[in-house]
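Participant: Would you be able to build a 3D model of this:
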Amino acid sequence: MTIINTLLLVEDNLQDEVLTLRTLRKINLANRIDVVRDGQQALDYLFREGEFAGRDGPDLPTAVLLDIGLPRVNGLDVLRKLRADPRTKRLPIVVFTSSDEDRDRLKSYDNGANSFVRKPLDFGEFAETVSRLGVYWLATNEPPTR
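Facilitator: As a prediction, this is how the structure comes out:
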């Protein structure tokens with residue numbers, strides 16, 4: 001069986017999206033990187049509803065990079081809904097956010113995040129962090145069987 005690494009990036013900040021995509025493509029770990037820009041789109045994508053009802057590709061991505069400061073449905077609510085559903089309860093989810101609030105970190109873990117990573121402000125550190133996340137979650141980590 002061939003494993004196709006697919007990553008879902010849930011990011012509303014265009015600059016962070018561009019830098020994340022550039023870095024992930026540079027290290028060439030994901031066969032496919034899909035991007036949604038708000039929490040409702042993330043839920044629709046993962047559950048194949050709304051505008052994503054007919055989307056092609058694997059049922060679920062290998063991992064999700066989830067910002068928490070999202071429009072429409074915030075990232076913590078997305079996380080809560082994903083962990084409550086048997087189809088997505090084991091999906092690897094990395095909260096990747098600019099928040100440095102302890103409460104956001106604790107709520108992320110309380111709601112089932114696999115990891116909480118703060119986005120560095122420095123361009124080089126940001127790229128290095130994304131690279132390490134990609135290597136770990138798409139190449140090193142062994143996802144649960146579905």
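Participant: now the host helix or strand of Leu133: how far from the chain's centre is it?
Facilitator: Leu133 is part of helix 123-134, with elements assigned from DSSP states H and E. Relative to its parent chain, helix 123-134 has a centroid offset of 14 Å by Cα atoms, centre = their mean, to the nearest Å.
Participant: buried residues in that helix?
Facilitator: Taking 16 or more other Cβ atoms under 10 Å as the basis for neighbour counts, the residues of helix 123-134 that come out buried are Phe126, Ala127, Thr129, Val130, Leu133, Gly134. The way it works is simple: take the backbone N, C-alpha and C, and place the C-beta from them, glycine included.
Participant: With stretch 24-36 instead?
Facilitator: With burial defined by 16+ other Cβ under 10 Å, the residues of stretch 24-36 counted as buried are Leu24, Leu29, Ala30, Ile33, Asp34, Val36.
Participant: cool, stretch 47-61 as well?
Facilitator: Phe47, Phe52, Leu60, Pro61.
Participant: residue ranges for the strands of this protein, please.
Facilitator: Along the chain, the segments classed as strands by DSSP state E run 6-10, 32-36, 63-66, 93-97, 115-118.
Participant: Which neighbouring elements make contact with the fourth one?
Facilitator: Meaning strand 93-97. Here strand 93-97 touches strand 63-66, helix 75-84, helix 102-110, strand 115-118, going by 3 or more Cβ pairs under 8 Å, 6 or more residues apart in numbering; DSSP states H and E.
Participant: For this structure, name the helix or strand with the lowest mean pLDDT.
Facilitator: Averaged element by element with mean pLDDT, DSSP states H and E, the chain has its least confident helix or strand at helix 123-134 (a mean of 78).
Participant: helices or strands next to it in the packing?
Facilitator: Other helices and strands packing on helix 123-134, by 3+ Cβ pairs under 8 Å, 6+ apart, are helix 14-27.
Participant: and the angle from the helix it packs on to strand 93-97?
Facilitator: Comparing the axes of helix 14-27 and strand 93-97 via axes from the mean of the first three to the mean of the last three Cα atoms, to 10 degrees yields an angle of 130 degrees.
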